[in-house]
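> Here you go, sequence then predicted model.
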Amino acid sequence: MAVKKKIYSYIKYPFSRNGWFSFGLSALAFILTQIIVYLAVKSKGSVSPVTAALGLCSMLIDLTAVYFTAAAFREKEKNYIFAVIGALLSLSVLIEWIYIFSK
């Protein structure tokens, strides 16, 4: 007679669906912001209109990520780890843009 192995799951709840969106959009906004900052430093502050438009898109993507973060925390009985990571990335991008505009 074969002995069945027990399978243990260390994740009690499935990941929140909106948490994935939050994480993905926050990561995209973070990467775009870093590219924009690099281009601005490389050009000594004289950015092209395309780079400025990319900065606006990055901010809008980040605000969308904040919306998905809030939606993720409204989901019941889910694992929120990706929503938390997305929230931290979004917050860092927003702080970076506030710093850029204050200079």
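The structure has been received and is ready for your questions.
> which non-adjacent residue is nearest L89?
S26 (3.6 Å; C-beta to C-beta, 6 or more residues apart in numbering). Bear in mind the C-beta positions are built from the backbone N, C-alpha and C, glycine included.
> Assumed the one you found was part of a helix.
Yes - judged by DSSP: H, G, I helix; E, B strand; the rest coil, S26 forms part of a helix.
> who are the neighbours in contact with it?
Neighbouring residues of S26 by C-beta atoms under 8 Å, 6 or more residues apart in numbering: 62, 65, 69, 85-87, 89-90, 93.
> Show me which pair in these is furthest apart.
Taking C-beta to C-beta as the measure, those span a maximum distance of 14.1 Å, between D62 and I85.
> Looking at these two, which is more packed in?
Neighbour tally, D62 and I85, criterion other C-beta atoms under 10 Å: the higher count belongs to D62, 24 against 16.
> hang on, that one is in a helix, isn't it?
Yes - using three-state DSSP, the assignment for D62 is a helix.
> gap between it and K78?
For D62, the distance to K78 equals 22 Å [C-beta to C-beta, to the nearest Å].
> likewise I35?
Applying C-beta to C-beta, the value for I35 to K78 is 32 Å.
> which one of those two has more residues nearby?
Shown here are I35 and K78; by other C-beta under 10 Å, K78 has more neighbours (18 against 14).
> Name the nearest residue to L32, sequence neighbours excluded.
S58 (4.0 Å).
> got a pLDDT number for the closest residue to E96 other than its chain neighbours?
For E96, ignoring the flanking residues on the chain, the nearest one in space by C-beta to C-beta, 6+ apart is T33 at 5.9 Å. Looking at T33, its pLDDT is 96.
> T33: neighbouring residues, count only.
22.
> residues touching it, list them.
Shown in contact with T33 (C-beta under 8 Å, 6+ apart): 55, 58, 62, 93, 96-97.
> Now tabulate those in CSV and tack on pLDDT.
Listed next are these as CSV, based on pLDDT from 0 to 100:
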residue, pLDDT
G55, 93
S58, 96
D62, 96
V93, 96
E96, 95
W97, 94
